[in-house]
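1. Everything below, folded, please.
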Amino acid sequence: MLEYVTDPADPRLADYTRLRDMELRKSLEAERGLFLAEGEKVIRRAFGAGFPVRSVLTTRRWLDPLADVLNDALVYVVDDEVMAGIAGFPVHRGALASMARLPLPPVEAVLAPPPDPRRVDLDDLADDADAAPAEPRPRRLLVLEDLVDHGNVEVAEQHPRRILVLEDLVDHSNVGAIFRCAAALGVDGIILSPRCADPLYRRAVKVSMGAVFSIPYARMENWFTGLDQIREAGFQTLALTPDPSVTSLDEVKMTDRVALLLGSEGDGLSSRWLEEADEAVCIPMSPAAMAAGVDSLNVVAAAAIACHGLMRSGAQ
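-> The predicted structure follows:
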């Protein structure tokens, strides 16, 4: 349904008020349980991920490009001047969508392997499966992988093997960029510490280009015991640090399931997490660069390189 709006102060546009005011936006989005998607690609990805749409704010020129996803949505149509007045800046991508948040899954849902569809209970397939057997007997399981010709058929992995754990990253742009790197390189999930920036904040969503919708993530309830939960799920925990004296990431022996820990933009990982991790690892730096005082990478560059190394080891 299209509604044409000419006044930037129209109360129908309250979801889109003062996008540059970070504290106001945090308050509004938490209070109303919403987030904003900006631009055609990001809006499409939010729709495709199943987030309920509250409304869409757009200019006339974007009605046709978005027509296929706007059929059932409430759409407020404004001119460019009104759009800039609402947002506080020119919206070059021409469209904003107010989406309802979905409940975050618990950490264990991101960590735990799903049921293996290759394991078939033969007793459940029997003709008399509903009849109680005369005597208890062991369940008979068939593992379908045993029947596969591995020369012709690839059996997909059925559990998360490579995840990132972000500790106290507070910059929304960095969080969005890390989600984009992780999604592009095939990371299976992301766990956030309690104080990490919100991946669904407008800036994070925009920088990620919607990657925040494509990779499972959850937020720890307790920073103090969070790593214990990850380790108990069978993950080897590797703490990424700029310290050149620790093992290089490309030399560490990784297990089947690995969680890579990334610290905050300024201070890096806390001393507690560095001590609790199974092993500290670094990205090897050029000795000449180190001598010139370039002794570290920013967290996004480090995350991209580390994700590549993490996934390459998982493919071997």
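
2. What residues of stretch 305-316 count as buried?
-> Residues of stretch 305-316 classed as buried by neighbour count (16 or more other CB atoms under 10 Å): 305, 306, 307, 309, 310, 311, 313, 314. The way it works is simple: take the backbone N, C-alpha and C, and place the C-beta from them, glycine included.

3. Just send the residues you listed back as CSV, with secondary structure and pLDDT too.
-> Formatted as CSV, the buried residues of stretch 305-316 follow (DSSP: H, G, I helix; E, B strand; the rest coil; pLDDT from 0 to 100):
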residue, secondary structure, pLDDT
305, helix, 96
306, helix, 95
307, helix, 95
309, helix, 92
310, helix, 90
311, helix, 88
313, helix, 75
314, helix, 60
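
4. Could you report the distance from residue 94 to residue 81?
-> 13 Å (CB to CB, to the nearest Å).

5. any chance of the buried residues of stretch 305-316 in TSV, plus distance to residue 47?
-> Formatted as TSV, those follow (distance: CB to CB, whole Å):
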residue	distance to residue 47
305	32
306	31
307	27
309	34
310	30
311	28
313	35
314	31
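
6. So for residue 94 and residue 81, which residue has more residues nearby?
-> Taking neighbours as other CB atoms under 10 Å, residue 94 and residue 81 compare with residue 94 leading, 20 against 12.

7. Tell me the bridge partners for residue 247.
-> Legend: beta-bridge partners of residue 247 under DSSP bridges are residue 281.

8. Tell me if I'm right that it and residue 278 touch.
-> No - the criterion here is CB atoms under 8 Å, and residue 247 misses it with residue 278 at 11.0 Å.

9. Which one's more surrounded, the two?
-> residue 278 (17 against 13).

10. Looking at strand pairing, list the partners for residue 162.
-> The partner residues for residue 162, given DSSP bridges, come to residue 258.

11. Surely residue 96 touches residue 57?
-> Yes - contact criterion CB under 8 Å: residue 96 and residue 57 qualify, at 4.6 Å.

12. picking that back up, between all of the buried residues of stretch 305-316, which two are separated the most?
-> 305 and 314 (15.2 Å; CB to CB).

13. Kindly confirm my reading that residue 199 is in a helix.
-> No - in this structure, residue 199 is coil, not part of a helix, as judged by DSSP: H, G, I helix; E, B strand; the rest coil.

14. what number of residues lie near the nearest residue to it once chain neighbours are set aside?
-> Spatial nearest neighbour of residue 199, excluding adjacent residues (CB to CB, 6 or more residues apart in numbering): residue 212 at 4.4 Å. By the measure other CB under 10 Å, the count of residues near residue 212 is 29.

15. Show the pLDDT at residue 212.
-> As predicted, residue 212 sits at a pLDDT of 97.
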